[in-house]
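Trainee: any chance you could fold what I've pasted below:
(chains A and B)
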There are 2 protein chains.
Amino acid sequence: MLLGYLFDSCKKIKEHFLIDILYLKSMNIDEFVERSLGTWRSQRSAHHLAFHHFEEVTSQIEIRSLENTDARVIELCKTNQVDPHLVSSPFYMTWLGESDWDEDEVLSGSTVLVPVPDIENPTKGRLLREQGYAETIPAIGYYQLVEDGSFILNTQYDRATAEEKIWFATPNLRLRVSLIKTADGKGVTTASFSSEIRSLDLEN
Amino acid sequence: MLLGYLFDSCKKIKEHFLIDILYLKSMNIDEFVERSLGTWRSQRSAHHLAFHHFEEVTSQIEIRSLENTDARVIELCKTNQVDPHLVSSPFYMTWLGESDWDEDEVLSGSTVLVPVPDIENPTKGRLLREQGYAETIPAIGYYQLVEDGSFILNTQYDRATAEEKIWFATPNLRLRVSLIKTADGKGVTTASFSSEIRSLDLEN
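Mentor: From the prediction side, this is the model:
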């Protein structure tokens, strides 16, 4: 029914737009992680809204799949009291970046991320995280794969809420909008945008 | 049915996320334009992907509604052979900006924008434009309001395709991701992100 609606919606729209939408429609968490695997060169712009300040970060991101039975996955499940059999497509992420704000600061880190789809509705679920970008404590995010192909992730920390929206413009261009909100979720302090281009390994 | 599904999807997710999603769900073109009216201070970051180059633009944007009977609306309908009775919520937009790339360049302009919803499916339609950001010729864009509340606009120019995704993070924070694609729609040359904060007139 949805596909019929979609075709109907698009029939007057130019062909490339139709292809884009169809390409975006068919995502689930396994496909989303699968498409995200690899090495990415990222340009990130952060808008610090209260001060109208821009920050620019360039970084290299690596996303690698993990086995469900990996010790780090099992450990994270244990910490969060999650049955490891519910896990789907766990992965490992490392990043190494440079900010124009403080050139001496090296922004680097790594984390294990473990999706736990809801049994009743696999388009949403929890994302267990060993260590966040901004925090050094474990966090649980709530994700939802929406119908235009975006992955939306909400994570509540002690004094802030993070909302991320990630989608693919092409198979080799991943876009990410991140909002840092006040703890009550009503105000936005920072909005940032990343364009991540897949580094193709020309030797293989 | 959709709302039931939504409630079901969200019931385990924290309340603020539920509110956000419900807030985003109820958009149509008239509401979208209505929420966009006003004066906005914009921070825009452009990522020129081939060169990993960043460009920063700050600007002021004004969006004002127009009457359906406004001469500029009628003229634009005539040029595009559109029945003026099909028009919904036409508006006028002006911008004045500064780029960090060429500080002497003043980025300013104005345009009339005229939504023409499809009769069969009002969540999509055409957007007639007097003058584009990048081009000085009239253009017709194709829009679609998707279910997470985003407005997606595709415009094909002679040698490029523009795809814009606009949504509200809060009633006073509008976000916009713009992609400039090659004419065939397959490659992306520039990805840019704008955060637009409503300027509240404290005198009124």
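Trainee: show me what contacts the spatially closest residue to residue A:158 that is not a sequence neighbour?
Mentor: Nearest residue to residue A:158, sequence neighbours excluded (Cβ to Cβ, 6 or more residues apart in numbering or on different chains): residue A:183, at 7.4 Å. The C-beta positions use only the backbone N, C-alpha and C, and glycine is treated the same way. Listed by Cβ atoms under 8 Å, 6 or more residues apart in numbering or on different chains, the contact partners of residue A:183 are A:156-161.
Trainee: and the pLDDT at residue A:183?
Mentor: According to the prediction, residue A:183 has pLDDT 79.
Trainee: all helices for chain A, in order.
Mentor: Along chain A, the segments classed as helices by DSSP state H run A:2-10, A:15-25, A:29-36, A:71-79.
Trainee: ok, of the ones you listed, where does mean pLDDT dip lowest?
Mentor: helix A:2-10 (a mean of 38).
Trainee: so the closest residue to residue A:197 other than its chain neighbours bridges to which residues?
Mentor: Spatial nearest neighbour of residue A:197, chain neighbours left out: residue A:41 (5.1 Å); criterion: Cβ to Cβ, 6+ apart. On the basis of DSSP bridges, residue A:41 is bridged to residue A:60, residue A:197.
Trainee: run through the bridge partners of the closest residue to residue A:118 other than its chain neighbours.
Mentor: Leaving aside its chain neighbours, residue A:118 sits nearest to residue A:125 (4.9 Å; criterion: Cβ to Cβ, 6+ apart). Beta-bridge pairing of residue A:125 under DSSP bridges involves residue A:117, residue A:143.
Trainee: list the contacts for residue A:125?
Mentor: So residue A:125 contacts A:29, A:88, A:115-118, A:142-143 (Cβ under 8 Å, 6+ apart).
Trainee: repeat that for 10 Å
Mentor: Shown in contact with residue A:125 (Cβ atoms under 10 Å, 6 or more residues apart in numbering or on different chains): A:29, A:86-88, A:115-119, A:141-145, B:12.
Trainee: list only buried entries from these.
Mentor: Taking 16 or more other Cβ atoms under 10 Å in any protein chain shown as the criterion, what is buried in the contacts of residue A:125 is A:29, A:86-87, A:115-118, A:141-145.
Trainee: what is the nearest of those to chain B?
Mentor: residue A:142 (4.8 Å; Cβ to the nearest Cβ).
Trainee: surely the closest one touches residue A:124?
Mentor: Yes. Using Cβ atoms under 10 Å, residue A:142 makes contact with residue A:124 at a distance of 7.3 Å.
Trainee: rewinding a little: nearest to residue B:171 among the contacts of residue A:125?
Mentor: The closest of those to residue B:171 turns out to be residue A:144 (Cβ to Cβ; 21.7 Å).
Trainee: for the closest one, which non-adjacent residue is spatially closest?
Mentor: The shortest distance from residue A:144 to any non-neighbouring residue, by Cβ to Cβ, 6+ apart, is to residue A:124 (4.4 Å).
Trainee: I'd assumed residue A:152 was in contact with the one you found.
Mentor: Yes. In this structure, residue A:124 is within contact of residue A:152 by Cβ under 10 Å, at 9.2 Å.
Trainee: now do the shared contacts for these two.
Mentor: A:142-146.
Trainee: where does chain A dip in pLDDT?
Mentor: Applying pLDDT under 70 to chain A flags the ranges A:1-26, A:102-106, A:131-138, A:201-204.
Trainee: middle-most residue in chain A, spatially?
Mentor: residue A:166 (5.1 Å; Cα atoms, centre = their mean).
Trainee: now it: how far from residue B:36?
Mentor: Distance of residue A:166 to residue B:36, computed by Cβ to Cβ, to the nearest Å: 25 Å.
Trainee: residue A:112 now?
Mentor: Remark: distance between residue A:112 and residue B:36 (Cβ to Cβ) = 41 Å.
Trainee: do residue A:160 as well
Mentor: From residue A:160 across to residue B:36, the span is 27 Å (Cβ to Cβ).
Trainee: quick one: which of those two has more around it?
Mentor: residue B:36 (20 against 16; other Cβ atoms under 10 Å in any protein chain shown).
Trainee: hmm, the more buried one is touching residue B:173, no?
Mentor: No. Contact between residue B:36 and residue B:173 fails when scored by Cβ under 10 Å: they sit 11.9 Å apart.
Trainee: now list whatever residues contact both of those two.
Mentor: Joint contacts of residue B:36 and residue B:173 (Cβ under 10 Å, 6+ apart) are B:196, B:198.
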